[in-house]
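Chemist: Take a look and give me a structure for this.
(2 chains)
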Amino acid sequence: MSQFATNTTLPRYLKDEQDKIEKIARAHGLDFFPVVFEMLSYDHMNEIAAYGGFPNRYPHWRFGMEYERLSKSYEYGLSKIYEMVINNNPSYAYLLEGNSLTDQKLVMCHVFGHVDFFKNNFAFRATDLDAGEHIADPVGRRKGGYDPNRRWVDKMANHGSAVRRIVDRYGIHKVEEFVDICLSLENLIDPWSRFVVRRRESIPDEEPKQVEVPRLRSKDYMEEFINPSEYIEEQKRKIEAKQELEKGKFPAQKEQDVLLFLLENAPLERWERAILSIIRDEGYYFVPQMQTKIMNEGWASYWHSKMMTGDVCDWSEIVDYAENNAGVMATSGGRLNPYKLGVELFRNIEERWDKGQFGQEWEDCDDLDVKKSWDLRLGLGKQKVFEVRALYNDVTFIDEFLTPEFAMENKMFTFNWSNRNERYEIDTREFQAVKEKLLAQLTNFGNPTIYVEDANYENRGELLLSHEHRGVDLRNDYARETMASLVRIWKRPVSLATQVDGKRAVLRFDGKEHGVRHDAP
Amino acid sequence: MSLKIDQDHSRFRNIVRGKIRQNLRRYISQGEMIGRKGKDLVSIPIPQIDIPRFTFGEKQKGGVGQGKGDAGDPVGGEQSEEEGAGQGGKPSNDAGDHVLEVDITLEELADILGEELQLPAIENKGKSRIIAAKDRYTGIRRVGPESLRHFKRTYKEALRRSIAGGSYDPGNPVIVPQKEDKRFRSWKEDHEPVANAVIVYMMDVSGSMGDEQKEIVRIESFWIDTWLRRQYQGLESRYIIHDAVAREVDRDTFFKTRESGGTMISSAYRLCAQIIDEHYPSSEWNIYPFHFSDGDNWSMDDTLTCIELMKKEILPKVNMFAYGQVESPYGSGQFVKDLREHFASDERVVTSEIRDRDAVVGSIKEFLGKGK
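Modeler: Residues are numbered from 1 along each chain as shown, chains lettered A, B, ... in the order given. Prediction:
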């Protein structure tokens, strides 16, 4: 039973529906945490949605802003939130009071899809609270069923009370200002850090190895020509110089988890450290959801559609369902709808694996007619989609399963900003371009990749970050503001190596002035 | 219902207020951004407050979409629709800015204006002598005329009595009120000063005043209205347009009319003095004439007539006389200099030159900064 603040019990008739739908979902092979449904009024729903799904968060104005946006768009009839579900064990899901029974059923089906995904997709293992520092085997099952500790509702509430205690002591304005600073660095985390050991223990007493220059293979008599000794010497000097340079370097290797680095090394007061740590924890909590937006929504939609049109709806509801479903799946304004893209891809995978449209033979086939009627009657579709939902994230999902046929059928295109016409314009429908752009967008879920490069930059205790430039510049005004946040935490000047208009540039902020230097760091 | 989020929400509103204050100049010079909504509210679109992060520059970014169209076609037609009907899920890639509309009461807006421009509160000339008595129904009594019987209260009393007396039957819930159950509305007399300030707007609509000039006047008058309305409980506005002759019009006509004739400013001042004499005895009213023109008067003679009129007819009766000279494509006229020459030492006359929209802010400050 629910034991947190909202405490709204589900009416009997919905509880009956829940039991019914739960059974159907299990029969289809879905495997989920226990789900607690709650019924909320619209303003309560908006409140919880503004808090990111959690009834208790730390105080911050941006939740109020989100609440205003949600309430306004609800009041003006622009949008309403049908459902919300939290990745928690047990999972909490909220139903909107006053929705029709058909809508509520749809939401329930959808929710079971999500919770199955939370439980089984590997990326969400990163939110297991009892898994320790590193998750060596993200898909392996422990004995006795998988029942991880994901009591994030409690954890978030604890964060809330911790921050409130700090607020009582230091005042809301001071604390909120610091939270703003932390939030502006929130995305500087390493999304895969739970799955990879990033920092290798170095053994300080170990004798440094002799410098070995890699040589090209050659016969003895050719050695001097293929690997001239002057060249080898020069290389050796270079490597030694580099090692000398790296000797005092800290961090030894560049680190993507900028927040962790600051937590460990920045001169912060205790309460500041506590807040930064909370923001980082919560940032990591939302990572898997961002990494699997398309898949997660696609999977849930795939199942609500299958269940609703199968056993859940009776004939009097089917038109209402179809209308509602069409609204959710609509693509408007040429925008990509993650629900639609996800569900279509899952269906496409199911069909291809049912018909055996995969593998070398399929790839090599050039005959469109043969391809069209290709059906090996393998019936592997269902097994495949379940496998995909466990082992992929949006990047690998698109990379592996987006086919030219699919992109064409779904009328996908890339668009770009046209300076001449001052609008976004369709660029191309070419498959490679579409796929590349989509993948680029999803990589690091649309955030630039930024590393801590050097904490003693120019031997002055300054912080040097580097931006791994992949063709798109940083937004300049925001970058400046963010640098200011970094200086506030690091308390020394901060530099960022990036590219501006195709040239290498080092942005620097010393607490008073912003500067740009246009040469290599 | 009180929500946990209320505190966060109110802090956000305060931040917005600060944000509006920072940008007030921009909102002022872009009159169209202020959509007046209903009687007391204005909607101000403000960009959603973003927390700055390292993020990609928008324009290079582009993205992937879905739908019909050829290369070079605009994406999805209009970009303005932020989110269509449907799910609460956010679109994965937004083109276009998030804009949040906040509603602010006119009073709040006036306060922000006042704080931003450091406008002093206006000294009331103590002329709020017209008092209207108004009945307000605020209380409940046990006696009164049947026509004022408070049905709900009476019913409640009767219900309470019948439950307490044991005569209430849920199966047949008939309630018969008795004399002692009856409750009546009662009233209190309130004394309120009624409209006690009037603004007389005068505008030159001769050929040299173009649309841009009128827009400047419109923006400026909106803010003057807003500020004075905050200062006085009741505010009336009168509108006079003139070229060589003057006539009184309604607000709409005031901003729309364009004539082509010459300019005789005295005609407007004469009409203004006449309106004041007929309707607004200066012992009871705070009077604010505002005149906007490009300053090209017909002749020096007419200018002298104006000055004569002001000295004799207008200035003795008004709180202050404001003249705003809007620069037109034909340049700026002589009139403002003449006024300054003749009324250099007279505090009641305020002049201001408004070169373009951006100058509106400064001009409002000049007009209202004296606290008259």
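Chemist: So A:Asp43 sits against A:Ser71, correct?
Modeler: Yes - the criterion here is CB atoms under 8 Å, and A:Asp43 meets it with A:Ser71 at 6.7 Å. Any C-beta I mention is one placed from the backbone N, CA and C, and that applies to glycine too.
Chemist: Between those two, tell me which one has more neighbours.
Modeler: A:Ser71 (19 against 16; other CB atoms under 10 Å in any protein chain shown).
Chemist: Let me see the domain layout of the chain.
Modeler: No chain in the question, so chain A it is. With automatic domain parsing as the criterion, the domains of chain A are listed as A:154-198+A:257-289, A:210-252, A:330-432, A:448-517.
Chemist: Sorry, I should have been clearer: chain B.
Modeler: When chain B is cut into domains by automatic domain parsing, you get B:1-50+B:97-118, B:131-191, B:197-368.
Chemist: give me the number of residues near A:Ala49?
Modeler: 21.
Chemist: wait, I meant A:Gln357
Modeler: 21.
Chemist: Let me see the contact set for it.
Modeler: Counting by CB atoms under 8 Å, 6 or more residues apart in numbering or on different chains, A:Gln357 touches A:Glu351, A:Lys371, A:Trp374.
Chemist: redo that, cut-off 6 Å
Modeler: A:Trp374 (CB atoms under 6 Å, 6 or more residues apart in numbering or on different chains).
Chemist: Now A:Phe445, what are its backbone angles?
Modeler: Main-chain dihedrals, A:Phe445, degrees, to the nearest 10: phi 30, psi 50.
Chemist: centroid residue for chain B?
Modeler: B:Thr226 (3.6 Å; CA atoms, centre = their mean).
Chemist: That one touches B:Glu108, doesn't it?
Modeler: No - using CB atoms under 6 Å, B:Thr226 makes no contact with B:Glu108, being 10.4 Å away.
Chemist: Please point out which parts of stretch A:418-430 sit buried.
Modeler: A:Ser418, A:Arg423, A:Tyr424, A:Glu425, A:Ile426, A:Asp427, A:Arg429 (16 or more other CB atoms under 10 Å in any protein chain shown).
Chemist: can you pull the alpha-carbon coordinates of the helix or strand in which A:Arg62 is found into PDB?
Modeler: Assigning secondary structure by DSSP states H and E places A:Arg62 in helix A:61-75. Provided in PDB are the C-alpha atoms of helix A:61-75 (Å, rounded to 0.1, in the frame of the first residue of the first chain):
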ATOM      1  CA  TRP A  61      11.700  28.000  -7.800                       C
ATOM      2  CA  ARG A  62      12.000  26.000 -11.000                       C
ATOM      3  CA  PHE A  63       9.400  23.600  -9.700                       C
ATOM      4  CA  GLY A  64       7.100  26.500  -9.300                       C
ATOM      5  CA  MET A  65       7.800  27.600 -12.800                       C
ATOM      6  CA  GLU A  66       7.000  24.200 -14.200                       C
ATOM      7  CA  TYR A  67       3.900  24.100 -12.100                       C
ATOM      8  CA  GLU A  68       2.700  27.400 -13.600                       C
ATOM      9  CA  ARG A  69       3.400  26.200 -17.100                       C
ATOM     10  CA  LEU A  70       1.500  23.000 -16.600                       C
ATOM     11  CA  SER A  71      -1.400  24.600 -14.900                       C
ATOM     12  CA  LYS A  72      -1.700  27.300 -17.600                       C
ATOM     13  CA  SER A  73      -1.600  24.800 -20.400                       C
ATOM     14  CA  TYR A  74      -4.100  22.700 -18.700                       C
ATOM     15  CA  GLU A  75      -6.400  25.600 -18.000                       C
END
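Chemist: contacts for it?
Modeler: A:42, A:46-47, A:49-51, A:79-80, B:5, B:8-9, B:11-12, B:15.
Chemist: Any buried residues in that helix, and which?
Modeler: A:61-74.
Chemist: One more: stretch B:273-280?
Modeler: B:Ala273, B:Ile275, B:Ile276, B:Tyr280.
Chemist: you'd agree the second one is in a helix?
Modeler: Right, the one you point to is B:Ile275. Yes - B:Ile275: assigned to a helix according to DSSP: H, G, I helix; E, B strand; the rest coil.
Chemist: which residues touch it?
Modeler: Neighbour list for B:Ile275: B:Arg238 [criterion: CB under 6 Å, 6+ apart].
Chemist: what mean pLDDT does stretch A:158-166 have?
Modeler: For stretch A:158-166, the mean per-residue pLDDT is 95.
Chemist: Give me the below-cutoff pLDDT ranges for chain A.
Modeler: Residues of chain A meeting the criterion pLDDT under 70: A:1-8, A:76-79, A:133, A:136-144, A:200-209, A:245-247, A:331-334, A:519-521.
Chemist: relative to its centroid, which residue of it is most remote?
Modeler: Extreme point of chain A relative to centroid (CA atoms, centre = their mean) is A:Tyr221; 56.1 Å.
Chemist: Pretty sure that residue sits in a strand.
Modeler: No - using three-state DSSP, the assignment for A:Tyr221 is helix, not a strand.
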